[in-house]
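Colleague: Got a sequence here, can you model it:
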Amino acid sequence: MSSSQPSAGPEGPDDAALVRACLAGDDAAWEAVVRRYRRLIYSIPVAYRLPPDLADEIFQRVAVKLLEHLPRLRRVESLASWLATVARHECQALRREGSRFADRDAETVLAQAEAPPQDLAEALGAVEREHALALALERIGEPCRGLLSALYLEEPAPSYQEIAARLGRPVGSLGPTRSRCLAKLQKLYLAGGGPALEGD
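Modeller: The predicted model follows:
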């Protein structure tokens, strides 16, 4: 692939722009897609309780299938769901490859892939929500990204005075800014296909 930048708005390139850039031969766009969805893809074999080396293999298989199917994807806005579905299929395909596990406890590995925990749907739903929120936060831009990250993601959480100094804003402006940023985050989350949050 060659190197050409996808067009990016103030909130960064969306999936459609990245896919177009990938199809145009942009290595950076492909790396951005892989980086954006890496955690989501890995979460599927983890939910199936597969060991790390097999999780790595599942990730590689899904990446190859994405590269193969990229020109034929009909709904780029459903990319996250497509990737999750492919990852689940690849996990289940382990049942058909039992001979590859002669050097490990094959029965245990394959039983886990064949009979995932009953709370798998719940676990995958949580991962999809987290992924959609992370993607919305990635797209939201500043100062919202910095403010929301400081308020909800940093440990220990900085004080309002520290956040105000960091962002170069009056302390009194943080409350209204927080409300506007949360509303914007919710719109981006839903626009990105995020599943309903509890209480919605």
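Colleague: Dihedrals phi and psi, Asp26?
Modeller: Asp26 has phi and psi values of phi -90, psi 110 when expressed as degrees, to the nearest 10.
Colleague: And it, how close does it get to Leu70?
Modeller: Look at Asp26 and Leu70: by CB to CB, to the nearest Å, they are 12 Å apart. Every residue, glycine included, has its C-beta placed from N, CA and C.
Colleague: Which one's more surrounded, these two?
Modeller: Asp26 (19 against 15; other CB atoms under 10 Å).
Colleague: Where does pLDDT dip in this protein?
Modeller: Along the chain, segments meeting pLDDT under 70 span 1-12, 94-127, 192-200.
Colleague: how about a cut-off of 50?
Modeller: 1-11, 99, 102, 106-107, 109, 113, 115, 118, 199-200 (pLDDT under 50).
Colleague: Break it down into its structural domains.
Modeller: The chain breaks down into these domains under automatic domain parsing: 1-118, 140-200.
Colleague: Output those as JSON lines; include the columns distance to His131.
Modeller: Formatted as JSON lines, those follow (distance: least, CB to CB, whole Å):
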{"stretch": "domain 1-118", "distance to His131": "5"}
{"stretch": "domain 140-200", "distance to His131": "8"}
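Colleague: so which of the ones you listed gets nearest Glu128?
Modeller: Among these, the nearest to Glu128 by CB to CB is domain 140-200 (5.4 Å).
Colleague: re the thing from before, please identify the deepest-packed of the domains of the chain.
Modeller: domain 1-118 (a mean of 16; mean count of other CB atoms under 10 Å).
Colleague: right, and Trp82 touches Leu70 too?
Modeller: No - counting by CB atoms under 8 Å, Trp82 does not reach Leu70; the two are 10.6 Å apart.
Colleague: Find the residue closest to Arg145 in space, skipping its chain neighbours.
Modeller: Nearest residue to Arg145 in three dimensions, chain neighbours excluded: Leu137, at 6.0 Å (CB to CB, 6 or more residues apart in numbering).
Colleague: Let me know the secondary structure of the one you found.
Modeller: helix (DSSP: H, G, I helix; E, B strand; the rest coil).
Colleague: now do Arg49
Modeller: coil.
Colleague: The one 5 residues further on now?
Modeller: Under three-state DSSP, Leu54 falls in the helix class.
Colleague: which other helices and strands contact the host helix or strand of Ala183?
Modeller: In this assignment (DSSP states H and E), Ala183 forms part of helix 174-191. Other helices and strands packing on helix 174-191, by 3 or more CB pairs under 8 Å, 6 or more residues apart in numbering; DSSP states H and E, are helix 120-139, helix 144-152, helix 160-167.
Colleague: Contacts for that helix next, please.
Modeller: With CB atoms under 8 Å, 6 or more residues apart in numbering as the test, helix 174-191 has contacts from 11, 132-133, 135-137, 139-140, 143-144, 147-148, 151, 160, 163-164, 167, 169, 197.
Colleague: and if we set it to 6 Å?
Modeller: Here helix 174-191 makes contact (CB atoms under 6 Å, 6 or more residues apart in numbering) with 132-133, 136, 139-140, 144, 147-148, 160.
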